[in-house]
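Peer 1: give me a 3D structure for the following:
(2 chains)
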There are 2 protein chains.
Amino acid sequence: MLWPQSDGRHSPISAAVLTGAEVDQSAGLLTLRERQPFDLFATAPTLALLGANPMFGVLARDVVRRQAVEFGESFTVAGVEVELFRVSGKVPLYREGAGDLADDTAGVEVRRDGVRLVFIPGIAAMNDDIRVRLARADAVMIDGTLFTDDEMIRAGTGEKTGQRMGHMPLDGEDGTLEALAGLSNRRVLIHINNTNPILVDGSPERVRVEQAGWEVAEDGQEIVL
Amino acid sequence: MLWPQSDGRHSPISAAVLTGAEVDQSAGLLTLRERQPFDLFATAPTLALLGANPMFGVLARDVVRRQAVEFGESFTVAGVEVELFRVSGKVPLYREGAGDLADDTAGVEVRRDGVRLVFIPGIAAMNDDIRVRLARADAVMIDGTLFTDDEMIRAGTGEKTGQRMGHMPLDGEDGTLEALAGLSNRRVLIHINNTNPILVDGSPERVRVEQAGWEVAEDGQEIVL
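Peer 2: Presented below is the predicted three-dimensional model:
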């Protein structure tokens, strides 16, 4: 008998590192529920949130190995050194009001052969520790959700500000562009909401972030360091 | 300011009808969590399973209207008449062992202007009621998960039979091809596992289902009735 994918059914994914338990950070795991072994690294509170959700039981515990890691602890994933660090954010939307959870938002630093990448998909406020970490990285990928804090309200697509959602805006005195104006490494904006005008080629906002040395991430983009 | 999708942010989806609460039947809803109003139709036990899962709370109840429907009850969705009917199946994997749930697997019949489509993504055993329903349909889309009941075991990709997963095989005395040999309407196999040799063009199994008058569904396929 022919098997369509006799040697190809297994996914090449050997590990997943979570920066939190929000839907967009964790629900993709449900598509990996095929009894394929991999390691799942996250902080203990994030793993506890997934563990309390019966649906994530489809990632069988004898196959998908939960690995609780601490902020600041280095671990090795597929030959690269990885470290989670705490970032100001917020608890997942579906746990708001539960009142029993610390904010557990993480950034990730990935290191190999002296090269560093820092990845922060959500950040509510900058601080000096994170600024130092970003400055010494060879490449930075950071939260570019909104250009202005009240952008979704003005677009009529929501009632929440960026701050309310745990995202600092790009623009303004407290914005990411101002907070990181001193960086000169490779900088890529990610996690961009569909109200953000930097998605429009040639928009004044797009021109502004590009002139400040930032790239706007694209689907399928590859970065070689 | 330019908005990338000033008139296009809303999805055209006005309703979703669930045939159960298994991951592959329900997790896609999490990608619709953008405060876009739509109706969510399912049986009360299926809605209860989602309601018990905190993550589905991101489908805000004031925006996504839960509509509990009974097996055999007709309701209208976007101008078509829809009816759920009970199919032999199994409880979702993540609720196995919980012991507090009836099997609540559904098939769907869709009717408009005298044209009928029957959609059954999972079925563990055929019965006369379903056979009659299938026979009077203009088109049938039905569970083609496995060709043979022990196919995943022999392929080394799992330890479960089709029966154990709630899917009757295509082949054999108790298989779908035999059970529905009398049909002459349009028949499309869906929900096909990647071990199923009917996915291989020209395989003996593919030739066999095609000679029996079945189509093998393809991504993006459109069916006009």
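Peer 1: hmm, stretch A:120-131 touching chain B?
Peer 2: No. On the criterion CB under 8 Å from any CB of the partner chain, stretch A:120-131 is out of touch with chain B, staying 15.3 Å away. (Each C-beta comes from the backbone N, C-alpha and C, glycine too.)
Peer 1: show me how far that stretch is from its chain's centre.
Peer 2: Put simply, stretch A:120-131 sits 12 Å off its chain's centre (CA atoms, centre = their mean, to the nearest Å).
Peer 1: what's the first-to-last distance across that stretch?
Peer 2: End-to-end span of stretch A:120-131 (CA to CA, to the nearest Å): 12 Å.
Peer 1: repeat that for stretch A:183-194.
Peer 2: This stretch, stretch A:183-194, spans 26 Å end to end (CA to CA).
Peer 1: state the mean pLDDT of the strand or helix carrying residue A:75.
Peer 2: Assessed by DSSP states H and E, residue A:75 sits inside strand A:74-77. Per-residue pLDDT values across strand A:74-77 average out to 96.
Peer 1: what packs against the next helix or strand after it?
Peer 2: The helix or strand immediately downstream of strand A:74-77 is strand A:80-86, counting by DSSP H and E. Under the contact definition 3 or more CB pairs under 8 Å, 6 or more residues apart in numbering or on different chains; DSSP states H and E, strand A:80-86 sits against strand A:38-42, strand A:74-77, strand A:106-112, helix A:128-135.
Peer 1: and with 10 Å instead?
Peer 2: Counting contacts by 3 or more CB pairs under 10 Å, 6 or more residues apart in numbering or on different chains; DSSP states H and E, strand A:80-86 packs against strand A:15-17, strand A:38-42, strand A:74-77, strand A:106-112, strand A:115-120, helix A:128-135.
Peer 1: buried ones in the strand holding residue A:75?
Peer 2: Judged by neighbour count (16 or more other CB atoms under 10 Å in any protein chain shown), strand A:74-77 contains these buried residues: residue A:75.
Peer 1: okay if I get the helices and strands packed on strand A:80-86 as JSON lines plus distance to residue B:24?
Peer 2: Output for those, formatted as JSON lines (distance: least, CB to CB, whole Å):
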{"stretch": "strand A:15-17", "distance to residue B:24": "19"}
{"stretch": "strand A:38-42", "distance to residue B:24": "19"}
{"stretch": "strand A:74-77", "distance to residue B:24": "28"}
{"stretch": "strand A:106-112", "distance to residue B:24": "29"}
{"stretch": "strand A:115-120", "distance to residue B:24": "29"}
{"stretch": "helix A:128-135", "distance to residue B:24": "39"}
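Peer 1: what's the strand holding residue A:75 in contact with?
Peer 2: Contacting residues not belonging to strand A:74-77 are listed as A:14-17, A:39, A:41, A:67, A:69, A:81-84, A:109-112 [CB atoms under 10 Å, 6 or more residues apart in numbering or on different chains].
Peer 1: hang on, the earlier thing: and the helices and strands packed on strand A:80-86: which comes nearest residue A:147?
Peer 2: Checking the helices and strands packed on strand A:80-86 against residue A:147 by CB to CB gives strand A:115-120 as the closest, at 17.2 Å.
Peer 1: other SSEs contacting the closest one?
Peer 2: With contacts defined as 3+ CB pairs under 10 Å, 6+ apart, strand A:115-120 has these neighbours: strand A:80-86, strand A:106-112, helix A:128-135, strand A:139-143, strand A:186-190.
Peer 1: which one of the ones you listed is the most hemmed in?
Peer 2: Mean neighbour count, computed with mean count of other CB atoms under 10 Å in any protein chain shown, is highest for strand A:139-143 among the helices and strands packed on strand A:115-120, reaching a mean of 24.
Peer 1: the helix or strand following that strand near chain B at all?
Peer 2: Going down the chain from strand A:139-143, the next helix or strand is helix A:151-155, by DSSP H and E. Yes. Helix A:151-155 lies within reach of chain B by CB under 10 Å from any CB of the partner chain, at A:151, A:152, A:154, A:155.
Peer 1: same check on stretch A:163-176?
Peer 2: No. Judged by CB under 10 Å from any CB, stretch A:163-176 makes no contact with chain B; its nearest approach is 10.8 Å.
Peer 1: using CSV, write out every CA atom in that stretch.
Peer 2: What follows is stretch A:163-176, C-alpha atoms only, in CSV (Å, rounded to 0.1, in the frame of the first residue of the first chain):
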residue,chain,number,x,y,z
GLN,A,163,-2.5,50.5,26.9
ARG,A,164,-5.7,48.7,27.8
MET,A,165,-4.5,45.8,25.6
GLY,A,166,-1.0,45.7,27.0
HIS,A,167,0.7,47.3,24.0
MET,A,168,2.6,50.6,24.0
PRO,A,169,2.0,52.6,20.8
LEU,A,170,4.8,53.4,18.2
ASP,A,171,4.1,57.1,18.2
GLY,A,172,4.1,59.7,21.0
GLU,A,173,6.2,60.6,24.0
ASP,A,174,5.7,57.2,25.5
GLY,A,175,5.9,55.4,22.2
THR,A,176,8.4,52.8,21.1
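Peer 1: pull out the buried positions in it.
Peer 2: Buried-residue list, stretch A:163-176, by 16+ other CB under 10 Å: A:163, A:165, A:166, A:167, A:168, A:169, A:170, A:171, A:175, A:176.
Peer 1: of all the residues you listed, which comes closest to chain B?
Peer 2: Nearest to chain B among these: residue A:171, at 10.8 Å, using CB to the nearest CB.
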